[in-house]
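Peer 1: Just need the structure, nothing else, for what follows:
(chains A and B)
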Amino acid sequence: MPDQTPYIGRAMKRVEDPRLIKGIGTYVDDLRLPGLLHACILRSPYAHARIQRIDTTAAKAIPGVVGVFTGPEVNDSCGLVPCAAAIPDLKAPKHTVLASDRVYFVGHAVAVAVASDPYIARDAIDAIDVDYDPLPVVVNPEEAVKEGTPLTHPDLGTNVAFTHSVAGGSNIDDAFKRADRVIKHRLYHQRLTPMPIEPRGAVASYHAGEGTLTLWSSTQIPHLLRTLLPGMIGVAENKLRIVAPEVGGGFGAKLNVYAEEALVSHLAMRLNAPVKWIESRRENAASTIHGRDQIGEYEIAVKNDGTILGIKSRTIADLGAYNQLLTPMVPTLTGLVLTGCYRIPAVKIDIVGVYTNKMSTDAYRGAGRPEATYLIERLMDVIAREMGVDRLELRLKHFPAPTEFPFATSCGLTYDSGNYQGALTKAKQLAGWDQLLKERAAARAAGRLFGVGVSTYVEICAMGPSAAMPAGGWEWGCVRMEISGKVTVITGVSPHGQGQETSFAQIAADRLGVPIEDVVVLHGDTNVAHYGRDTYGSRGTAVGGTAIVMCIDKIVAKAKALAAHLLETTADHVEFANGTFSSPGVTNREIPWAELAGAAYIAKSLPAGFEPGLEASSFFEPSNFTFPFGTHICAVDVDRDTGHVAIKKYIAVDDCGPQINPLLVEGQVQGGIAHSIGQVLFEQTVYDENGQLLTGEFMDYAMPRASDIPEYVLGHTVTPSPVNPLGVKGVGEAGTIGSTPAIANAVLDALEPLGITHLDLPMTPERVWQAIKTRTAATV
Amino acid sequence: MSDTSLTRVRHVSDTGLTPTLVKITASSVIPADRARVFAALTDPGILQQAIPGCESLTATGPDTYEATLKIGVAGLKGTYTGKAAILDKKPPESLTLTFEGKGGPGFVRGSAAITLADEGAATRVESVADVQVGGLIAAVGSRLVEAAARKLADDFFRQLSTQLTAT
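Peer 2: You can find the predicted model right below:
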């Protein structure tokens, strides 16, 4: 094969896209199995109630209905929905698959109807008669921690699931004693609904002869499901096959083991027929995990020149009614990166996790890091304003120098590599920072509300070292040089939009010296990708990609031994370049992959002790997380009369290390910023005082639309990570982490002339307008 | 003829969303004397005719009823089965109606304090109701519940007037 420019670093279009664009990809709902039955779930309209009676007689009588089941009929066969977070002294309610005698949130699954047709199943749940006796509802987590308030789970005796305290760095009390000022601030991270474009869905098929079960699920974590489901449904791991076919987005919402996955598995065995359940959009809003919902109170000890001596934080995290897979862990992640990219000598973090009668919160794009970054970046602006120092200078002053990495933080992490100054400088240049400030001055002089916001962030990716992960943080891969010279790459990560069928093919094609068209990347089927820890925490390329590199290294080493045999020389005299083995000076003969692979499999002439075949698998255990970083700058116009915020300019400089495919990086950053635009300007999941979910569809849950998304200016710096051989860091969540505070800071900068120093998210037109009206009235 | 107004009992901070517990005040003049109006309000036959979408209304005891209603709230058409009871009867002045309905789209429950006053030869009926909705109705239609309740109240009083005028 001739010399070629490397595939790595090229902005290649995704090989996944043609099938998705043409509508010929296979999602869970596209599966058609003979004799397929359809399940529909009846959900509670009450936030907290005792189930007095359930009558399924009328539902069962509907022609086409195969069965109707309630909690007491299935819970013993389905085990408990697992939580993998290891939180000391966690008080946890028993999370059964269907409600047993009480419902704890609106949307809580109460019964399931199975029918020959999805519409009959839907009609059947309307025919189930349930008598509920309403109980007191816990909605406000700050009220819930007080003595004498109603209890979400009366049997736990408290609404407090756990308290978690971390002190790091130097003595916090000393820091506050030495302070010239203590600045206090309260920040709320509103509850959010992840809203993947494809809601959840699962199909289970039981093969009675073999005693095996196949579960197709719209999930991010087929392998974790294969690990955790056996304990629920009593099918051994090696008789269980999990398939994540095309998955239409996850954002953390599908990083979970859900009751429905165990339920359809059980029903398929019980009814001896394949069973499909497809979540409706309304169910998705009520019964798929929500994100964030953390209230933080902060105290910062500062010197007169702006030097930060220490931070104390107290966070109340609304967990909802149950622990899903990582629910109580997410707020503890917030504490891990609370100091952001700054040298802050002392921290004290107190977190209280609280049960309320709502859907569970869990990991949502960024999980903990968006919370922490929003907090520290809002606080940096507050400190700059209060202490009269420039906000960029304040940030620069607290950055560690690039030479100080690996940099140990007060929160207990060691940042792998960084050049925060470089990203900030580049973002300033791309933004035309000084010109933006001139525009702001001119706008203010003309009475317009124009603001410029900045955020510098660092986040945790490549999750992660097994010591820090609930269920192992390694990744597995397998690479097979086929007999034809084609290459099959199998990865244990489970991409669902990240594009690793493309980026892993780029890695393999470069390292093996083959055309990218000859590489196929397989994933998401536990019968093909035997082991894996799946996709979340921006880990795919840094951890999964490294496992592939390790496999390729093994194959090349083995191939060299065979090549040496065929070239009648020794392995140290074999050269491998551009997919060809040669031994210059020994022979003019060159052996391309197809010939070498043929020899390896046909096995007529092998070196002594050489195993036939060319296949290798590897587990990669990272020594640390990676810590990507960057600077985002945003300029907004706020309409004084309507409160509408228009983003005029958006600049993102992200450093995720070397980029395998810049087009994929750009897509991740763009999508991430869109998530933040939603969080800052539009989205909020709202339960009212009765625990009723009011944002159950897109009429009330405002997602950003294409017209709300500005043109981005995207730039990059490249600081490789020492943690993996590719030097890559991860970029799946960075956009969301960096941009929420940049946009919020810009809006508050625009409102500064009116004396508005704080607004909670989301900064909807109504909320902004109310603030403007109040201030304007006060000053008239 | 009728005048239905609504008061939000509690506001969900400043989200612009309608809470699921609302106070609905309705007032209407019915062209009949107080005694006839009071009798009509406690007559299952008349009520079944007057209540919008009422498919059945049967007395299950003194002043307790079971009903089946087919109504659309906020674009969610559904069949609701429910119970109603009349309490604190003071003929021909006042009564309290409690109701509880459930169906595929969720539940509606509440109570209404109803007072009757002479207005010439006719009767002014005033109703102050606390209504709570839950489930899908709340999740997808709470902002439309007020409008739906207003229409149901208007339709009810119009039908009641028609019934009393016709007999």
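
Peer 1: quick one: secondary structure of the closest residue to residue A:593 other than its chain neighbours?
Peer 2: In space, residue A:593 comes closest to residue A:485 once its chain neighbours are excluded; the distance is 4.3 Å by C-beta to C-beta, 6 or more residues apart in numbering or on different chains. To be clear about C-beta, it is placed using only N, CA and C from the backbone, and glycine gets the same treatment. Secondary structure state of residue A:485, per DSSP: H, G, I helix; E, B strand; the rest coil, is coil.

Peer 1: isn't residue A:485 right next to residue A:594, touching?
Peer 2: Yes. Judged on C-beta atoms under 8 Å, residue A:485 makes contact with residue A:594 at a distance of 3.1 Å.

Peer 1: neighbours of the residue nearest to residue A:593, just the number please.
Peer 2: When neighbours are defined as other C-beta atoms under 10 Å in any protein chain shown, residue A:485 has 18 of them.

Peer 1: give the contact list for it.
Peer 2: Residues near residue A:485 by C-beta atoms under 8 Å, 6 or more residues apart in numbering or on different chains: A:514, A:518, A:592, A:593, A:594, A:595, A:597, A:598.

Peer 1: dump the residue contacts of the last one.
Peer 2: Spelled out, that is residue A:598. Contacts of residue A:598 by C-beta under 8 Å, 6+ apart are A:483, A:485.

Peer 1: What strand or helix carries it?
Peer 2: For residue A:598, the host element (DSSP states H and E) is helix A:593-602.

Peer 1: Contacts only, for the closest residue to chain B within the stretch 401-550 of chain A.
Peer 2: Going by C-beta to the nearest C-beta, chain B is nearest to residue A:449 of the stretch 401-550 of chain A, at 19.6 Å. Residue A:449 is in contact with A:443, A:637, A:638, A:639, A:640, A:750, A:751, A:753, A:754, A:772, counting by C-beta under 8 Å, 6+ apart.

Peer 1: Swap in 10 Å and give it another go.
Peer 2: A:440, A:443, A:636-640, A:643, A:645, A:747, A:749-754, A:756, A:768, A:772 (C-beta atoms under 10 Å, 6 or more residues apart in numbering or on different chains).

Peer 1: go on, residue A:103?
Peer 2: A:43-51, A:71, A:109-110, A:130, A:132, A:134-135, A:321, A:357 are the contacts of residue A:103 under C-beta under 10 Å, 6+ apart.

Peer 1: Stretch A:185-202: how far from the chain's middle?
Peer 2: 11 Å (C-alpha atoms, centre = their mean, to the nearest Å).

Peer 1: That should have said stretch A:378-398, apologies.
Peer 2: On C-alpha atoms, centre = their mean, the centre of stretch A:378-398 falls 30 Å from the chain's centre.

Peer 1: what about the helices in chain B?
Peer 2: Taking DSSP state H as the test, the helices found in chain B are B:34-41, B:44-50, B:136-166.

Peer 1: And those: which comes nearest residue A:534?
Peer 2: When the helices of chain B are compared by C-beta to C-beta, helix B:136-166 sits nearest residue A:534, at 30.8 Å.

Peer 1: picking up where we left off before, which residue, other than its chain neighbours, is closest to the residue of the stretch 401-550 of chain A closest to chain B?
Peer 2: Distance criterion C-beta to C-beta, 6+ apart; nearest residue to residue A:449, sequence neighbours excluded, is residue A:638 at 4.0 Å.
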